[in-house]
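Asks: from the sequence below, what's the structure:
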Amino acid sequence: MPSIFAAPNTNKVCYMILPEGIREDLDEGLKELAGKYVVSIVVIPGANWNDDLTPWPAEGVFKKAKPFGGRATSFLDKLTNGIIPEIEGGLGVADAERTILGVSLSGLFAVWSGFNTDAFTNIISISGSLWYDGFTEWMKEHTPLFQAKKVCMLLGEKEKNAKDKRMATVEERTYAAAEMLKTKSQAAVTFELVDGTHFSPILPRLERAFEVVYD
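Replies: Next up is the predicted model:
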């Protein structure tokens, strides 16, 4: 079941897809963000991390790692046609201003989703895996479907030091993705390098992303 941190009297809903290892420690921080920015936060569980959040199959990044499954299309359909209507019906929200927020592979999914659905008003990608094989090249050939107001991309300044050669391209590719979105959409696009490594520390990045999108 999704974890919901509801804010009263708002049509703003932020859908988060977070790595399993960080979710349990964030409850208090998410409650504070929901109250401060008057937005209902929905943390969506159950994604098969390497398969549901990747747009096409690719080799794994670590030795003996399973390949990525590339089932993002199926997961996006489940999200937009199943999970979101159910959540917003339960919250009593009509005409929602939706934000999708992802971290790491789900940050990749968040950006990719903007080219495949108009369901989201804002996109937040924190330490997004935009190094993913062929992704920025794919972006060049496609047009976003969303009419986003804001796109926020945050990346740790040390992430480019990853030992894996593919992952080490993340900074240049995230910058390139942000520049493409500036020209391909009408959104206000923010790309910032922040302190830390791959999505750590996470709470200051969530706070900064909300400041960018909701202030």
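Asks: closest to the centroid, which residue in this protein?
Replies: Centroid check for the chain by CA atoms, centre = their mean gives residue 102 as the closest residue, at 2.3 Å.
Asks: strands paired with the helix or strand where it lies, and their directions?
Replies: Residue 102 belongs to strand 97-103 when assigned by DSSP states H and E. Strand pairing for strand 97-103, determined by DSSP bridges: strand 12-17 (parallel), strand 122-126 (parallel).
Asks: now do the same for the longest one: mean pLDDT, whole number.
Replies: What that stands for is strand 12-17. The average pLDDT for strand 12-17 rounds to 98.
Asks: got the buried residues for the lowest-mean-pLDDT helix or strand in the chain?
Replies: Lowest mean confidence among the helices and strands of the chain (mean pLDDT, DSSP states H and E): helix 20-23, at a mean of 80. Within helix 20-23, no residue qualifies as buried by neighbour count (16 or more other CB atoms under 10 Å). In this view, the C-beta of every residue, glycine as well, is placed from N, C-alpha and C.
Asks: still on that earlier bit, most packed of the strands paired with strand 97-103?
Replies: Highest mean neighbour count among those (mean count of other CB atoms under 10 Å): strand 122-126, with a mean of 28.
Asks: and the helices in the protein?
Replies: Taking DSSP state H, the helices of the chain run over residues 20-23, 27-37, 49-52, 72-78, 84-91, 105-113, 135-140, 170-184, 203-214.
Asks: of all those helices, which lies closest to residue 66?
Replies: Shortest distance between residue 66 and these, using CB to CB, is found for helix 49-52: 6.5 Å.
Asks: can I get the closest one in PDB? Just the C-alpha atoms.
Replies: Taking Å, rounded to 0.1, in the frame of the first residue of the first chain, the C-alpha atoms of helix 49-52 are listed here in PDB:
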ATOM      1  CA  TRP A  49      13.500  -1.500  -9.300                       C
ATOM      2  CA  ASN A  50      15.700  -2.700 -12.100                       C
ATOM      3  CA  ASP A  51      12.900  -3.700 -14.400                       C
ATOM      4  CA  ASP A  52       9.800  -1.500 -13.900                       C
END
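Asks: what helices and strands are in contact with it?
Replies: The helices and strands touching helix 49-52, judged by 3 or more CB pairs under 8 Å, 6 or more residues apart in numbering; DSSP states H and E, are helix 72-78, helix 105-113.
Asks: please identify the deepest-packed of the ones you listed.
Replies: helix 105-113 comes out most buried of the helices and strands packed on helix 49-52 by mean count of other CB under 10 Å, with a mean of 26.
Asks: what's the angle between it and strand 12-17?
Replies: 120 degrees (axes from the mean of the first three to the mean of the last three CA atoms, to 10 degrees).
Asks: and helix 105-113, how far out from the chain middle?
Replies: Relative to its parent chain, helix 105-113 has a centroid offset of 5 Å by CA atoms, centre = their mean, to the nearest Å.
Asks: elements contacting that helix?
Replies: Against helix 105-113 (3+ CB pairs under 8 Å, 6+ apart) you get strand 12-17, helix 49-52, helix 72-78, strand 97-103, strand 122-126, strand 150-156.
Asks: OK, contacts around residue 113?
Replies: 72, 76, 100, 119-120, 123, 146 (CB atoms under 8 Å, 6 or more residues apart in numbering).
Asks: before I go, just wanted to say thanks for your time.
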